[in-house]
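Student: Need a 3D model of the sequence below.
(chains A, B, C and D)
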2 protein chains.
Amino acid sequence: MLGNLNSDRSNVDSLNRDRRSRRREATKAEILDAAWALVREHGLAGLSLRDLAARVGMRAPSLYQYFPSKHAIYDAMFGQGARQALAEVGAPVGTTDAREALLLVAHRMFDFVTSNPERALLLFQRTIPGFEPSPESYAPAVELLDWSRLQLVERGLTDPDALDLWTALLSGLSNQQMANDPGGTRWARLVDRAVGMYLAEVGPPSAGSRKGKR
Amino acid sequence: MLGNLNSDRSNVDSLNRDRRSRRREATKAEILDAAWALVREHGLAGLSLRDLAARVGMRAPSLYQYFPSKHAIYDAMFGQGARQALAEVGAPVGTTDAREALLLVAHRMFDFVTSNPERALLLFQRTIPGFEPSPESYAPAVELLDWSRLQLVERGLTDPDALDLWTALLSGLSNQQMANDPGGTRWARLVDRAVGMYLAEVGPPSAGSRKGKR
DNA sequence: GTCTATATTTGGATAGAC
DNA sequence: GTCTATCCAAATATAGAC
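Tutor: Next comes the predicted model:
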């Protein structure tokens, strides 16, 4: 009897813990969503805990039940952004043709950056004063870079400088788009041409996956 | 007699006005120098009027004798930076060979950006909340872009997209250098190669100024 | 778990004495 | 022309009531 009672109690407690834990995670997610919205409106540096709390129907101090500091919020946002980048850009590429594969990846990356400039700023530039992402949050970003390197190598682009040239080209196109023609297509139109230019430089003279196959 | 007296007085007044005006300009220049130093240390957004005043041996309110607001200081810095860019990057190019000319300009631009990242951030990105440069401060930046276009056209690169691709390539290289290897040479080493790649794409098939001459 | 109240800091900007 | 004193606003963060 006592055993049963204790066991029942334990079960209930355990379920309650689960439920509360889930609720807590849901609230954290809601806070992060609101943070992204505010950051898009007022810029990365313009994020304030007052505004953030107000947007989720709280007062500022209550946020500290979910994140120990403002930097922790930035860190969680960085982690989210890095995982999104890995998921969206680093998704499987169903082609072995080098040109098609690079075009696909280039457009994914370009779209990822320009569709959310503040996210790209948080991930790829150092703009917030004292903020350094934690290793956990940073990990997916490293993974994406490794994945990109692998993509190039798999297409026969084994030149060690090829990846650096590739990232420079892509970041240049997307940054110019964001800074000088936000919402437009002035540099978006040049992505295909840039990939062709790149392939002519680092790729096998006659494009495609021929080099690796024959 | 009275006429002479008045004339003498006018001369003295005029000279004093000149001297004071020059002194005032010198102080403004000193303030801007200090502002650049602080911005290099603490970042663009980290500039505070208290710190700035302290560095030139003043208290914060005294700065308002020289600049009507903090934004006015940013604007003056923007103007300085833009004029420096025009002077350093847009200096005469003593060659008609397309490859050599583009290499020269590319290295000038790369060096300009990486030698003072905060300046480049102020000029080429929109990172300070409410700040928009005044038309006067902005003018040299426009002039530099026009100059760059002219350089390309003079070398036979009349493709209207050529300039956009050029700025994307250069900004990408220098941004990657700043963000991922500050002070290093990881992307600096790739400038020559990038220019070659670019010329192969937009230039006349066989480089040089041949196309324009024969 | 959320709140009020508050500590603390820091910023830009102004008034008025000297 | 520079100062002291101050205003005002906004920010992060903490203490403690409920």
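
Student: Just the pLDDT for A:Ala207.
Tutor: A:Ala207 is assigned 45 on the pLDDT scale.

Student: same thing with A:Ser137?
Tutor: For A:Ser137, pLDDT reads 98.

Student: burial measure for it, as a count.
Tutor: 20 (other CB atoms under 10 Å in any protein chain shown). (C-beta placed from N, C-alpha, C; glycine too.)

Student: So which residues on chain A come close to chain B?
Tutor: For chain A, the residues in contact with chain B (CB under 8 Å from any CB of the partner chain) are A:42-43, A:45-46, A:124-127, A:129, A:161, A:164-165, A:167-173, A:175-176, A:179, A:186-187, A:189-190, A:193-194, A:196-198, A:200-201.

Student: Could you give me the ChimeraX syntax to select whichever of those residues are buried?
Tutor: Provided next is the ChimeraX selection string for whichever of the residues of chain A next to chain B are buried by 16 or more other CB atoms under 10 Å in any protein chain shown:
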select /A:43,45,124,125,127,164,165,167,168,169,170,171,172,173,175,176,187,190,194,196,197,198,201
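
Student: Which of the residues of chain A next to chain B fall within helices?
Tutor: A:42, A:124, A:164-165, A:167-173, A:175-176, A:179, A:193-194, A:196-198, A:200-201 (DSSP state H).

Student: filter those by proximity to DNA strand D?
Tutor: By CB under 7 Å from any atom of the strand, no member of these lies near DNA strand D.

Student: Around the residue lying closest to A:Val105 once chain neighbours are set aside, how many other residues sit close by?
Tutor: Excluding the flanking residues, the one nearest A:Val105 by CB to CB, 6 or more residues apart in numbering or on different chains is A:Gln151, at 6.2 Å. Residues near A:Gln151, counting by other CB under 10 Å, number 19.

Student: what does A:Arg149 give?
Tutor: 16.

Student: Would you mind giving me the confidence score for it?
Tutor: Reported pLDDT for A:Arg149: 97.

Student: Report the contact partners of it.
Tutor: A:Leu163 (CB atoms under 8 Å, 6 or more residues apart in numbering or on different chains).

Student: Over to it. Which of the three states is it?
Tutor: Secondary structure, DSSP: H, G, I helix; E, B strand; the rest coil: A:Arg149 is helix.

Student: Roughly how far does it sit from B:Tyr198?
Tutor: 23 Å (CB to CB, to the nearest Å).

Student: do the same with A:Leu38
Tutor: 40 Å.

Student: re the thing from before, wouldn't the residue nearest to A:Val105 be in contact with A:Ala106 here?
Tutor: No: using CB atoms under 8 Å as the test, A:Gln151 is too far from A:Ala106 to be in contact (10.7 Å).

Student: Hmm, A:His42 and A:Cys118 touching each other?
Tutor: Just to correct that, residue A:118 is Glu rather than Cys. No: using CB under 8 Å, A:Glu118 is not in contact with A:His42; the gap is 9.4 Å.

Student: Spatially nearest residue to the residue in chain A that chain B sits nearest to (excluding sequence neighbours)?
Tutor: Nearest to chain B in chain A, going by CB to the nearest CB, is A:Gly172, at a distance of 2.2 Å. Nearest in space to A:Gly172, with sequence neighbours left out and distances taken as CB to CB, 6+ apart, is B:Gly172 at 2.2 Å.

Student: Just the pLDDT for A:Arg17.
Tutor: 73.

Student: Tell me the residues on chain A that lie near DNA strand D, please.
Tutor: Checking chain A against DNA strand D by CB under 7 Å from any atom of the strand, the hits are A:47-51, A:60-61, A:64, A:68-71.

Student: mind redoing it with 6 Å?
Tutor: A:48-50, A:60-61, A:64, A:69-70 (CB under 6 Å from any atom of the strand).

Student: Same list (these) but as JSON lines, adding neighbour count and pLDDT.
Tutor: Shown next, in JSON lines, are these (neighbours: other CB atoms under 10 Å in any protein chain shown; pLDDT from 0 to 100):
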{"residue": "A:Ser48", "neighbour count": "13", "pLDDT": "98"}
{"residue": "A:Leu49", "neighbour count": "19", "pLDDT": "98"}
{"residue": "A:Arg50", "neighbour count": "10", "pLDDT": "98"}
{"residue": "A:Ala60", "neighbour count": "13", "pLDDT": "98"}
{"residue": "A:Pro61", "neighbour count": "9", "pLDDT": "98"}
{"residue": "A:Tyr64", "neighbour count": "13", "pLDDT": "98"}
{"residue": "A:Ser69", "neighbour count": "11", "pLDDT": "98"}
{"residue": "A:Lys70", "neighbour count": "18", "pLDDT": "98"}
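
Student: Restricted to helices, list those.
Tutor: A:49-50, A:70.

Student: ok, back up a step: now do the residue of chain A closest to chain B against DNA strand C, distance only.
Tutor: Separation of A:Gly172 from DNA strand C (CB to the nearest atom of the strand, to the nearest Å): 32 Å.

Student: same check, this time on A:Asn16
Tutor: Counting by CB to the nearest atom of the strand, the gap from A:Asn16 to DNA strand C is 10 Å.

Student: No further questions, thank you.
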